[in-house]
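Undergrad: okay, structure incoming, though there's no sequence with it:
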């Protein structure tokens with residue numbers, strides 16, 4: 001008969017506990033909750049911005065980041081009007097300073113405005129105070145120029161971490177990403193390439209990323225908007241797509257009802 005000392009028993013108990021935890025985690029590796037389990041254990045990447053919305057309705061949102069140029073903005077606004085579509089525009093202060101009249105027109109035509117920072121930095125490289133300054137100044141300028149009280153924030157370059165999302169929340173801002181990247185800023189993609197990319201990837205609850213001065217952006221939305229409507233999609237500003245109460249964001253960045 002094997003007799004364990006008290007010290008030996010403690011070692012055995014600890015070993016059994018560790019083994020049980022490892023087995024449980026290994027089982028989760030093959031489930032959709034694996035990333036959430038890893039987040040709880042490591043404390044990393046536990047917060048997600050909203051990439052897409054879980055909805056049974058055929059609703060989607062189109063968004064435009066305004067970081068450079070304005071040559072094509074009027075055409076985009078006209079095409080949106082022609083198709084009776086309202087979109088969300090994320091504005092940077094350096095763009096607002098150069099094109100205040102265009103920013104006013106975006107708001108006057110009934111489109112939603114979100115924040116995209118003051119100087120377009122990588123937010124994960126900033127301190128909390130620097131992030132707050134970027135967002136506060138951005139919000140103030142959007143309000144001053146357009147009269148719009150912005151509630152959404154898109155991090156420049158899509159660059160985020162837990163601190164970025166927490167800081168935005170403290171300022172009553174919801175952090176938004178995208179589930180369909182049009183890549184309309186790439187010069188090597190044709191209008192047909194971009195349109196195909198969007199139409200192949202869109203689904204219920206999608207948030208589409210575009211830019212206000214992409215070379216082919218007007219041509220793309222002129223082709224894509226009627227087709228999306230033909231397929232039965234309703235196109236709304238992001239705030240109208242979002243779940244309003246009792247929601248959470250899962251490990252894939254999908255906003256879901258609790």
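TA: Nice, I can see it. Keep in mind the model is a prediction, meaning the values are calculated, not measured.
Undergrad: distance check, the nearest residue to residue 68 once chain neighbours are set aside against residue 116.
TA: With C-beta to C-beta, 6 or more residues apart in numbering as the criterion, residue 68 has its nearest non-adjacent residue at 5.9 Å, and that residue is residue 213. Backbone N, C-alpha and C define where each C-beta goes, glycine included. Distance, residue 213 to residue 116, using C-beta to C-beta, to the nearest Å: 14 Å.
Undergrad: repeat for residue 182
TA: Distance from residue 182 to residue 116, by C-beta to C-beta: 16 Å.
Undergrad: following the longest strand seen in the chain in sequence, what is the next regular element?
TA: Longest strand of the chain, by residue count under DSSP state E: strand 59-66. As assigned by DSSP states H and E, the chain's next helix or strand after strand 59-66 is helix 73-82.
Undergrad: average pLDDT across that following helix?
TA: What helix 73-82 shows for mean pLDDT is 98.
Undergrad: which helices and strands sit right next to whichever helix or strand comes after it?
TA: Toward the C-terminus, helix 73-82 is succeeded by strand 88-91 as the next helix or strand (DSSP H and E). The elements that strand 88-91 packs onto, with contact taken as 3 or more C-beta pairs under 8 Å, 6 or more residues apart in numbering; DSSP states H and E, are strand 59-66, helix 100-108, strand 112-115, strand 152-153.
Undergrad: residue ranges of the helices in the stretch 151-258 of the chain, please?
TA: Secondary structure of the stretch 151-258 of the chain, counting by DSSP state H, counting those that start in this stretch: helices at 162-170, 191-201, 217-230, 238-241.
Undergrad: my guess is the residue nearest to residue 68 meets residue 65, correct?
TA: No: using C-beta atoms under 8 Å, residue 213 and residue 65 do not qualify as a contacting pair, with a distance of 9.6 Å.
Undergrad: tell me which of those two has more neighbours.
TA: More crowded of residue 213 and residue 65, by other C-beta atoms under 10 Å: residue 65, with 24 against 21.
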